[in-house]
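Q: Sequence below, structure please.
(chains A, B, C and D)
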2 protein chains.
Amino acid sequence: MQVSRPDRLDESLIALRRILRATELFERDLATSAGLTPAQLRVLQIVDERESVTPKGLARQMGVSQATVTSLVDKLVARGLVERQPSSIDRRQTNVVITASGQARLKVAPDALQQRYVRAFEDLADWEQAQLVSSLERVAAILDAETIDASPVLTTGEIRPGGRLPESHN
Amino acid sequence: MQVSRPDRLDESLIALRRILRATELFERDLATSAGLTPAQLRVLQIVDERESVTPKGLARQMGVSQATVTSLVDKLVARGLVERQPSSIDRRQTNVVITASGQARLKVAPDALQQRYVRAFEDLADWEQAQLVSSLERVAAILDAETIDASPVLTTGEIRPGGRLPESHN
DNA sequence: AACTGAAACTTCAACATTCAAAGTAATTTT
DNA sequence: AAAATTACTTTGAATGTTGAAGTTTCAGTT
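A: Next up is the predicted model:
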């Protein structure tokens, strides 16, 4: 309501930027240490999380065009880290699946940042954990409210009425 | 210490990813709506915040090489959004300053995401604001601890033992 | 004053990302 | 079956990114 302590706003924005910057810089390092580019690593991670993904699914989750995904998958296929498997139910579709070599590559590049977060989180007291979750979810709710709908990829067809994805993209 | 509620960790990670994804997607939209690329917009924003910046300063703050900055500044100069001004104290240096046209371009692209955050933050009760700041700063402290030192620019030789930079590059 | 080394920046060449537009093949709708 | 739609790829063009090499300037040494 009232701005009791204006500096608090600044402090929270600064902290938010630090989070953003740290993760961004780290992702680049992580990728290069794995011998990949950031975009390629992201594809590999997503393909690993989900068992199999279509290029369209990748495009939607990454927020890029299908053409871009094609190019990225090409690179990963050339390195033997993923494979294209024609879908049996719909022959227009292609499933991208990770190879053993791709799995191995991911293990070479453990997400140290996430690990550090996990460790620190687990060291917190119960009430501190609860507070952190509550705060992060509050910020997330603020920031990704309608933002996702404005994504370049979704503008094609998917106009979700007012809601948001049912967490299907995790 | 003990993992009282394991799902809390997942929940916080998911929230963190939502924050990351929302801001990333939004930045792209913001840039294109301003007729710029994300990288160019970031340069413009930094040059606007600080009165004048050297290419080296830009490179450090953005986490990219000087060559990249040269190329980005070239584009912005070609569009008349920034200018290069030779430094008077050190003729090796160049100061990049924003032009009136560049200022105008930034106004065309207000940071709606930040505005939304500001609005939501100000609507919070006093104790909620305090909790949010505390949580965000805690996460930021966890994530950007030594991360920044691992920036791609430094990866060439600098293996800093355990310390971290004294915040000199903010 | 001349030499040397470092610093700031640019140029160059090579590759990665990204997308719109056009093209192909398969599916669905009419 | 014809038309429209969907999934994906190809193509061409712009941008981003970097390491290496080059230029100019500065700072310190001799």
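Q: Run through the helices of chain A in chain order.
A: Assigned by DSSP state H, the helices in chain A fall at A:6-33, A:38-49, A:55-62, A:66-78, A:100-108, A:112-122, A:126-143.
Q: want to throw these into JSON lines with mean neighbour count and mean pLDDT?
A: Glycine gets a C-beta too; all of them are placed from N, C-alpha and C. Formatted as JSON lines, those follow (neighbours: other CB atoms under 10 Å in any protein chain shown; pLDDT from 0 to 100):
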{"stretch": "helix A:6-33", "mean neighbour count": "18", "mean pLDDT": "91"}
{"stretch": "helix A:38-49", "mean neighbour count": "19", "mean pLDDT": "96"}
{"stretch": "helix A:55-62", "mean neighbour count": "20", "mean pLDDT": "96"}
{"stretch": "helix A:66-78", "mean neighbour count": "16", "mean pLDDT": "98"}
{"stretch": "helix A:100-108", "mean neighbour count": "14", "mean pLDDT": "93"}
{"stretch": "helix A:112-122", "mean neighbour count": "16", "mean pLDDT": "91"}
{"stretch": "helix A:126-143", "mean neighbour count": "19", "mean pLDDT": "95"}
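Q: what residues does chain A put near DNA strand C?
A: A:37-40, A:63-65, A:67-68, A:71-72, A:75, A:90-92, A:152 (CB under 7 Å from any atom of the strand).
Q: Report the backbone C-alpha coordinates of stretch A:99-115 in PDB.
A: In PDB, the C-alpha atoms belonging to stretch A:99-115 read as follows (Å, rounded to 0.1, in the frame of the first residue of the first chain):
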ATOM      1  CA  THR A  99      21.700 -41.100 -26.800                       C
ATOM      2  CA  ALA A 100      24.000 -42.800 -24.300                       C
ATOM      3  CA  SER A 101      26.700 -40.400 -25.400                       C
ATOM      4  CA  GLY A 102      24.400 -37.500 -24.700                       C
ATOM      5  CA  GLN A 103      23.700 -38.800 -21.300                       C
ATOM      6  CA  ALA A 104      27.400 -39.100 -20.600                       C
ATOM      7  CA  ARG A 105      28.000 -35.600 -21.800                       C
ATOM      8  CA  LEU A 106      25.400 -34.300 -19.400                       C
ATOM      9  CA  LYS A 107      27.100 -36.000 -16.500                       C
ATOM     10  CA  VAL A 108      30.300 -34.300 -17.400                       C
ATOM     11  CA  ALA A 109      28.600 -31.000 -16.900                       C
ATOM     12  CA  PRO A 110      26.800 -31.300 -13.600                       C
ATOM     13  CA  ASP A 111      24.700 -28.200 -12.700                       C
ATOM     14  CA  ALA A 112      26.900 -26.900 -10.000                       C
ATOM     15  CA  LEU A 113      24.800 -23.900  -9.500                       C
ATOM     16  CA  GLN A 114      21.700 -25.900  -8.800                       C
ATOM     17  CA  GLN A 115      23.700 -28.200  -6.600                       C
END
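Q: about what we covered before: and the helices of chain A as JSON lines, adding distance to residue B:122?
A: Listed next are the helices of chain A as JSON lines, based on distance: least, CB to CB, whole Å:
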{"stretch": "helix A:6-33", "distance to residue B:122": "7"}
{"stretch": "helix A:38-49", "distance to residue B:122": "35"}
{"stretch": "helix A:55-62", "distance to residue B:122": "33"}
{"stretch": "helix A:66-78", "distance to residue B:122": "38"}
{"stretch": "helix A:100-108", "distance to residue B:122": "42"}
{"stretch": "helix A:112-122", "distance to residue B:122": "28"}
{"stretch": "helix A:126-143", "distance to residue B:122": "12"}
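Q: So which of the residues of chain A next to DNA strand C is the closest to residue B:7?
A: residue A:63 (27.0 Å; CB to CB).
Q: My guess is that closest one contacts residue B:25. True?
A: Yes. Judged on CB atoms under 8 Å, residue A:63 makes contact with residue B:25 at a distance of 5.0 Å.
Q: picking up where we left off before, name the nearest of the residues of chain A next to DNA strand C relative to residue B:129.
A: Out of those, the member with the shortest distance to residue B:129 (by CB to CB) is residue A:63, at 30.9 Å.
Q: where does that closest one fall, phi/psi-wise?
A: Here the main-chain torsion angles of residue A:63 (degrees, to the nearest 10) amount to phi 80, psi 30.
Q: Identify the farthest-apart pair in the residues of chain A next to DNA strand C.
A: Pairwise over these, using CB to CB, the maximum falls at A:38 and A:91, 32.3 Å.
Q: of all the helices of chain A, which lies closest to residue B:144?
A: Here helix A:6-33 is closest among the helices of chain A (CB to CB), at 3.5 Å.
Q: residues contacting residue A:44?
A: Neighbour list for residue A:44: A:36, A:76, A:81, A:82, A:98, A:102, A:105, A:106 [criterion: CB atoms under 8 Å, 6 or more residues apart in numbering or on different chains].
Q: Give the full set of residues in contact with the fourth one.
A: Which is residue A:82. Residue A:82 neighbours (CB under 8 Å, 6+ apart): A:43, A:44, A:47, A:73, A:76, A:96, A:97, A:98, A:99, A:102.
Q: now do the last one
A: Residue A:106 makes contacts with A:34, A:44, A:45, A:48, A:98, as judged by CB under 8 Å, 6+ apart.
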